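**Student:** only the shape, not the letters, is given here:
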């Protein structure tokens, strides 16, 4: 066992020895990362340029697209560098920084979808009061609160782990995971576990409850609405429901991989489970909203193909 004072870096053991395939994997991952950045950036620009899209739902979407780029940037550059590395080491400071970015962005994702569900709830259930309740100033305030709330939640949990002493430095993952970093500590105080549970509750459980309540109310209204209003509700809500479902599935995969010893699973399957959320969600979001929402789809066509 190494002396805790000597540990200045972690080894991301999940990479293993991939030999010459590392160049193929590097090219594939780089292409995927660039695709995520381009897709989300195009939608941000389209919403910014098209004044018809300067509505609460699309402003909230812009924040979500920014978050997809931020979350991806907190993961992919490190993976790309580790692909070409022989030691797969990452310093403690970079590891802590990555954890802060990834977990803050994950919380922002859930909270943003909760804000968008609330927006759809007001739009469908209280259409006459929508412009008053969801004013531009209030929408920007919601976005600021979502980011501040998410950052504060992680910092509170993170503050209990940053001072820990580590007796081991091997992490069986391709990125720095909060739970696995805690597991290699010499000892973890009880209040650290409590803070971890608190983070999960306020960052994921609370937004998920708000999302569920919003959509249950929308469903109740849709049951008595006209066919045209039902179709409108389905068109605007379907992308959000898909995003929430995919996000929830990814969180289950991450929780199972981080909290339980899943050694019985194949090595490649464990890697896929651990990064599913960070790989799929940043592309699911622009795909669903860019193709499924008519206003954005038409604006994208005009922006990309009709510049007259």
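**Tutor:** It's in. Everything numeric in this text was worked out from a predicted model, so none of it was measured.

**Student:** please point out which parts of stretch 278-298 sit buried.
**Tutor:** By 16 or more other Cβ atoms under 10 Å, the buried positions in stretch 278-298 come out as 278-286, 288-290, 293, 295-296. All C-beta atoms are positioned from the backbone trio N, CA, C, and that covers glycine.

**Student:** so where do the strands sit in the chain?
**Tutor:** Counting by DSSP state E, the chain has these strands, from start to end: 9-12, 89-91, 170-171.

**Student:** of the ones you listed, flag the one that's most buried.
**Tutor:** Ranked by mean neighbour count, these are led by strand 9-12 with a mean of 20 (mean count of other Cβ atoms under 10 Å).

**Student:** who are the packing partners of that strand?
**Tutor:** Judged by 3 or more Cβ pairs under 8 Å, 6 or more residues apart in numbering; DSSP states H and E, strand 9-12 is in contact with strand 89-91, helix 92-125, strand 170-171.

**Student:** redo the ones you listed as TSV? Include mean pLDDT.
**Tutor:** Formatted as TSV, the helices and strands packed on strand 9-12 follow (pLDDT from 0 to 100):
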stretch	mean pLDDT
strand 89-91	87
helix 92-125	89
strand 170-171	85
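
**Student:** need the strands of the chain in JSON lines with distance to residue 152, can you?
**Tutor:** Output for the strands of the chain, formatted as JSON lines (distance: least, Cβ to Cβ, whole Å):
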{"stretch": "strand 9-12", "distance to residue 152": "26"}
{"stretch": "strand 89-91", "distance to residue 152": "25"}
{"stretch": "strand 170-171", "distance to residue 152": "26"}
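
**Student:** ok, now which ones touch the residue nearest the centre of the chain?
**Tutor:** For the chain, residue 106 is the residue whose C-alpha lies nearest the centre (Cα atoms, centre = their mean; 3.6 Å). Residues in contact with residue 106, defined by Cβ atoms under 8 Å, 6 or more residues apart in numbering, are 71, 203, 277.

**Student:** among those residues, name the ones in helices.
**Tutor:** 71, 277 (DSSP state H).

**Student:** re earlier: out of the buried residues of stretch 278-298, which is nearest to residue 231?
**Tutor:** For these, the minimum distance to residue 231 (Cβ to Cβ) is 13.6 Å, reached by residue 293.

**Student:** can you pull the buried residues of stretch 31-50?
**Tutor:** 33, 36-37, 39-40, 42-44, 46-47, 50.
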